[in-house]
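Peer 1: Any chance you could fold what I've pasted below:
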Amino acid sequence: MKGKVLIAVFHNFALSLKGIHRMILYNITWVTEAAVEETLIDYLRSTFIPSVIADGSMHSPVLHRIEKGAQEEGVSLALHFFADQSTDIDEYWCGLGAKHIATLIGKFGNRVMGFATTMRRIEL
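Peer 2: Below you'll find the predicted structure:
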């Protein structure tokens, strides 16, 4: 019986992973100076990410530090969310998204800048 349960759990996990491949990846790249990096990360963790998740349009956030070349200055962070459909991202921006960004700009001013990219996975 244990083997059947394990197979069923693995099968459901595999199906859930397969579903992730069909989702839309929404990336926001933040660029800031090194002196602001930890404050920005704290803000993203404590305020920005929970606010986006609470909206319900996007889920499964992941934050990455982008490796930089020796000549590059500053710090770049990539914040990924998944959305089930691209319209979920549109709904976010038409709803609370603009407010979330305005709050971030109010806190950091021109010390942080960002740009967003929406991506859809291509099966190989």
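Peer 1: Now the phi/psi pair for residue 112, please.
Peer 2: Main-chain dihedrals, residue 112, degrees, to the nearest 10: phi -130, psi 130.
Peer 1: So it is in contact with residue 30, correct?
Peer 2: Yes. Counting by C-beta atoms under 8 Å, residue 30 is a contact partner of residue 112 at 5.8 Å. Using the backbone N, CA and C atoms, a C-beta is placed for each residue, glycine as well.
Peer 1: Which of those two has more residues huddled nearby?
Peer 2: Remark: of residue 112 and residue 30, residue 30 carries more neighbours, 23 against 20, as counted by other C-beta atoms under 10 Å.
Peer 1: who's in contact with the more buried one?
Peer 2: By C-beta atoms under 8 Å, 6 or more residues apart in numbering, residue 30 lies in contact with 40, 44, 76-79, 112-114.
Peer 1: for residue 24, same thing?
Peer 2: Contacts of residue 24 by C-beta under 8 Å, 6+ apart are 82-86, 88-89, 118-120.
Peer 1: could you flag which of those are buried?
Peer 2: Among these, those buried by neighbour count (16 or more other C-beta atoms under 10 Å) are 82-83, 88-89.
Peer 1: Could you dump the residues you listed into a markdown table with secondary structure added?
Peer 2: Output for the buried ones among the contacts of residue 24, formatted as a markdown table (DSSP: H, G, I helix; E, B strand; the rest coil):
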| residue | secondary structure |
| --- | --- |
| 82 | strand |
| 83 | strand |
| 88 | helix |
| 89 | helix |
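Peer 1: Alright, I will stop here.
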